[in-house]
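Fold the following, please.
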Amino acid sequence: MQKREDYRIETHLIHAGQDPDPTTGAVITPIHTTTTYAQAGIGEHKGFDYSRAGNPTRKALEDNIAVLEGAHRGFAFASGMAGLTTFAHMLKAGDHIVAEENAYGGTVRYLNMVLANFGVKTTYVDASNPKNVEAAMTSATRLVIAETPTNPNLKLNDIKALSEIAHKHSALMAVDNTFASPYLQNPHKLGADIVFHSATKYIGGHSDVLAGLVTVNTPELGDRLHFLQKSMGGVLSPFDSWLLLRGLKTLHVRMQRHCENAQKIAEHLARHPKVTKVNYPGLPSHPQYELAKRQMRGMSGMLSFEMKGGLPAAKKFATASVGGVWTLAESLGAVESLICHPVTMTHASVPKEQRERSGVTDGLVRLSVGLESVDDLIEGLDGLLAKV
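From the prediction side, this is the model:
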C-alpha cells in the first residue's frame, strides 16, 4: 500500500491531517467549538486542555499546512499579520532584520511603526539581488524576510541563495509565500526556516475568511512558536480553521485556472498601447523569468502593470471598474477578479520615498485575476482602458 508521505500535493490538500472522525466516522473534520476539555486527572487529557493552546479543528489545519509546505510544524492565526507579529516576537531589542523592500504595505507598516518601537531595526533592500542582502547583514541580524513574488511588483527573491546568506550569518530565513501558495512554491525545500501566508488569500480562496498560517522547519522553532502562539493568543477560530480546510481541498484546481487566466491577461496587456510595462513572472520579459521556472511550479494569478498617464490615468482606470466584472477592492487570491491601486490602497502607509525606490509608482495598478471567463476579463479590461 502506498505510504501517506508519498502522496502528491493534490492528495495531501484533501487528506493531510484529516482522518475520519474517530467518534462518528465523519469524513469532514468537525468544528470543535469547545473552549475547554475534560481531564481524567491532573494533566491526564487527550492532547487538549484549553482551546487557545490547541483545538482539534485548528490542529487538523495546522497539520495539513505542515505537510503541504514540507515543514516540521504548522500554526494557524487570526490573520496573516497576527502570524508575522507572533514569530517576530522571537526577536529582542537590539536585533536587526533585513527585508525585501517591495513588500506588502502591512508588513512594512508593522516593521516600521510597531516593531521598531521595541528596538528592532529593519534595513530594506532590493532582495532580488542576493548581493544586496549580503551587504546589509550585520552582527546583529537575526532575521531575513523575503517575499516572492513580491507585492505589488511581482519581483522574485532567490530563496535558496538568500537562505544560504542568512544561515552563514546565523540568522533565520522567513519567506512570505502568499502570492505563490504551497501549491506553486515550497520555500522550506529551498532552505527557508519560516514560511508564512496570509491565508485570507489563495488558501481560503473565497473572500470569506481572515486568517494566517506559519510553518517552521525544526522542533526547536516549533516549540518556540507554540509557546508564543499560546502566550500571545492570536489563534484562529475553529470555524475559520474549517473554512480554510474547505478552501484547501480545491487549491490545486483553482491555482491552475488562476495561472492560466493571468498568463493570457499579462500577454494581452503587454501588447496594449496604454500600458508601458507588465510585471508577471510568466512573461519572458520578466527579469527573473528563469528563476521563476526553477523556483515555482506555476506563475500565480497576480500581476501588475504601469499605465501611461501616471496617477490620473491609474485612478480613472480603477474607478471606472465599479459595477463591472472587475471589482475595485483590497485583498487578492479569491475566485473573483480584483483591481487595486497600491499607492492609494494597500501601500498608502509606506513612506513615499520607500515606495518609489521599490517601484511602487503612482501609475501602478495591481490585478488579482480570478476564475471568471478569461474572455470576459480581457473585454472588461479593454473597456476600462478605453475610458482612460
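
going forward, measure contacts between C-alpha atoms and count neighbours the same way
Will do.

List the buried residues in stretch 83-97.
G83, L84, T85, T86, F87, A88, L91, D95, H96, I97 (16 or more other C-alpha atoms under 10 Å).

Any idea how far apart the tips of it sit?
Its first and final residues considered, stretch 83-97 spans 17 Å by C-alpha to C-alpha, to the nearest Å.

which outside residues touch that stretch?
Stretch 83-97 is contacted from outside by 76-77, 110, 118-123, 138, 140-145, 196, 212-214, 224-225, 228-229, 232, 234, using C-alpha atoms under 8 Å, 6 or more residues apart in numbering.

What is the least confident helix or strand in the protein?
Lowest on mean pLDDT, DSSP states H and E among the helices and strands of the chain sits helix 352-357, with a mean of 90.

Please export the alpha-carbon coordinates of the helix or strand just after that helix; PDB is fine.
Using DSSP states H and E, the helix or strand that follows helix 352-357 in sequence is strand 364-368. Extracted C-alpha coordinates of strand 364-368, given in PDB (Å, rounded to 0.1, in the frame of the first residue of the first chain):
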ATOM      1  CA  LEU A 364       1.000  51.100 -10.900                       C
ATOM      2  CA  VAL A 365      -2.200  49.000 -11.000                       C
ATOM      3  CA  ARG A 366      -2.300  45.500  -9.400                       C
ATOM      4  CA  LEU A 367      -4.700  42.800 -10.600                       C
ATOM      5  CA  SER A 368      -5.800  39.700  -8.800                       C
END
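
Which residues does the following helix or strand past strand 364-368 contact?
Reading on from strand 364-368 to the C-terminus, the next helix or strand found by DSSP H and E is helix 374-386. Helix 374-386 is contacted from outside by N261, K264, I265, H268, K274, F317, A318, A320, S321, G324, V325, W326, using C-alpha under 8 Å, 6+ apart.

Give the buried residues for helix 374-386.
Neighbour-count burial for helix 374-386 flags V374, L377, I378, G380, L381, L384, L385 (criterion: 16+ other C-alpha under 10 Å).

Also stretch 228-235?
Using 16+ other C-alpha under 10 Å as the test for burial, stretch 228-235 gives L228, Q229, K230, G234, V235.

returning to what we had before: between the contacts of helix 374-386, which is closest to H341?
Closest approach between the contacts of helix 374-386 and H341, by C-alpha to C-alpha: A318, at 7.0 Å.

Just confirm the closest one contacts L328, I think it does.
Yes - the criterion here is C-alpha atoms under 8 Å, and A318 meets it with L328 at 6.4 Å.

Overlap in contacts, these two.
Jointly contacting A318 and L328 under the rule C-alpha under 8 Å, 6+ apart are I339, C340.

Tell me which of these two has more neighbours.
A318 (22 against 19; other C-alpha atoms under 10 Å).

List the backbone torsions phi and psi for the residue of the chain positioned farthest from its centre.
Most distant residue from the mean C-alpha position of the chain: G41, 41.8 Å away (C-alpha atoms, centre = their mean). Backbone torsions of G41, given as degrees, to the nearest 10, read phi -170, psi 180.

Show me this protein divided up by domain.
Listed by automatic domain parsing, the domain ranges of the chain are 4-248, 252-386.

Tell me how far the shortest one lies from the chain's centre.
The chain centroid and the centroid of domain 252-386 are separated by 17 Å under C-alpha atoms, centre = their mean, to the nearest Å.

First-to-last residue distance for that domain?
Terminal residues of domain 252-386 are spaced 35 Å apart (C-alpha to C-alpha).

quick thing: my sequence starts at 5, can you match it?
From this message on, residue numbering opens at 5, which makes the last subject domain 256-390.

any idea how far Q358 is from T154?
The gap separating Q358 from T154 is 15 Å, by C-alpha to C-alpha.

Tell me which of those two has more neighbours.
Ranked by neighbour count (other C-alpha under 10 Å), Q358 and T154 place T154 first, with 23 against 14.

Compute the number of surrounding residues for K7.
By the criterion of other C-alpha under 10 Å, K7 has 6 neighbours.

Just the ones of the buried residues of stretch 87-101 in helices?
G87, L88, T89, T90, F91, A92 (DSSP state H).

Out of these, give me the two with the largest separation.
The span of those, defined through C-alpha to C-alpha, is set by G87 and A92 at 8.5 Å.

On the three-state scheme, the residue positioned nearest the centre of the chain is what?
Nearest to the geometric centre of the chain sits T182, at 1.5 Å (C-alpha atoms, centre = their mean). In three-state terms, and counting by DSSP: H, G, I helix; E, B strand; the rest coil, T182 is coil.

What distance do you get for it to G216?
In terms of C-alpha to C-alpha, T182 sits 10 Å off from G216.

list the residues that contact both of those two?
With C-alpha under 8 Å, 6+ apart as the test, T182 and G216 both reach F200, H201, S202, A203.

Nearest to A317, out of those residues: which one, please.
Nearest to A317 out of the shared contacts of T182 and G216 is S202 (C-alpha to C-alpha; 30.0 Å).

For the closest one, give its distance to G208.
9 Å.

what sits up against the least confident helix or strand of the chain?
Helix 356-361 has contacts (C-alpha under 8 Å, 6+ apart) with E105, N106, H351, T365.

Check stretch 183-198 too.
Taking contacts as C-alpha under 8 Å, 6+ apart, the residues outside stretch 183-198 that touch it are 13, 72-75, 152-155, 163-164, 167-168, 176-179, 181, 199, 201, 206-207, 218-222, 255-256, 259, 299-306, 337.

do stretch 307-317 as well
With C-alpha under 8 Å, 6+ apart as the test, stretch 307-317 has contacts from 156-158, 266, 270, 278-284, 318, 365-373, 392.
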